[in-house]
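Asker: A predicted structure for the sequence below; I have some questions about it.
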Amino acid sequence: MSKLTIIAGDFPTGVGRFTIRNFTLPGDENHYLCETVPAQQVTFIDEATEEFLLLLDIDEDTKQFISAPGDDVIFFMVKLKDKRRFIASSDHRTYQKVIKAVEKEANISPVLTSTAA
């Protein structure tokens, strides 16, 4: 199980997890409930640039984190079949796990989706 942090989007911000084929995302503002989303629901995934992230309406602490994330942090955007979206951060290893699962389960390639969006 790998950790990821939801920064913005249609899910509450907070810590989520990624397992072999599923995202476990915060489901309510108190984080008592979580929502499990299978990787096959992903229609788009790509890395998010720092310039894009700083355009988001986020708090000052998050903006500072985005400006100096560290060597092993990557930010990425995900769009689901039901049109919900989220932007998350994780380490590179977790991101690679997510990419492999999405390629296998949803039959999409991040390289192709980045030019199609």
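Answerer: That came through fine.
Asker: ok, residues contacting the longest helix along the chain?
Answerer: Within the chain, and with DSSP state H defining each element, the longest helix by residue count is helix 92-105. Around helix 92-105, the neighbours that count as contacts under C-beta atoms under 8 Å, 6 or more residues apart in numbering are 2-4, 18, 20-21, 38-40, 42, 45, 47, 72, 74, 76, 90, 108-110. Heads up, the C-betas are built off the backbone N, CA and C, glycines and all.
Asker: got the end-to-end distance for stretch 41-51?
Answerer: Using C-alpha to C-alpha, to the nearest Å, the end-to-end distance of stretch 41-51 comes to 27 Å.
Asker: Repeat that for stretch 33-47.
Answerer: For stretch 33-47, the first-to-last residue distance is 27 Å (C-alpha to C-alpha).
Asker: Tell me which residues of that stretch come out buried.
Answerer: Buried residues in stretch 33-47, counted by 16 or more other C-beta atoms under 10 Å: Cys34, Val37, Ala39, Gln40, Gln41, Val42, Thr43, Phe44, Ile45, Asp46.
Asker: Just checking the distance from the longest helix of the chain to the centre of its chain.
Answerer: Put simply, helix 92-105 sits 11 Å off its chain's centre (C-alpha atoms, centre = their mean, to the nearest Å).
Asker: Put the alpha carbons of it into CSV.
Answerer: Provided in CSV are the C-alpha atoms of helix 92-105 (Å, rounded to 0.1, in the frame of the first residue of the first chain):
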residue,chain,number,x,y,z
HIS,A,92,8.1,8.5,-7.7
ARG,A,93,7.7,4.8,-6.9
THR,A,94,4.0,5.2,-6.0
TYR,A,95,3.4,7.2,-9.2
GLN,A,96,5.0,4.4,-11.3
LYS,A,97,2.8,1.9,-9.6
VAL,A,98,-0.3,4.0,-10.4
ILE,A,99,0.8,4.4,-14.0
LYS,A,100,1.4,0.6,-14.5
ALA,A,101,-2.0,-0.1,-12.9
VAL,A,102,-3.8,2.4,-15.1
GLU,A,103,-2.1,1.2,-18.2
LYS,A,104,-3.1,-2.4,-17.4
GLU,A,105,-6.6,-1.9,-15.9
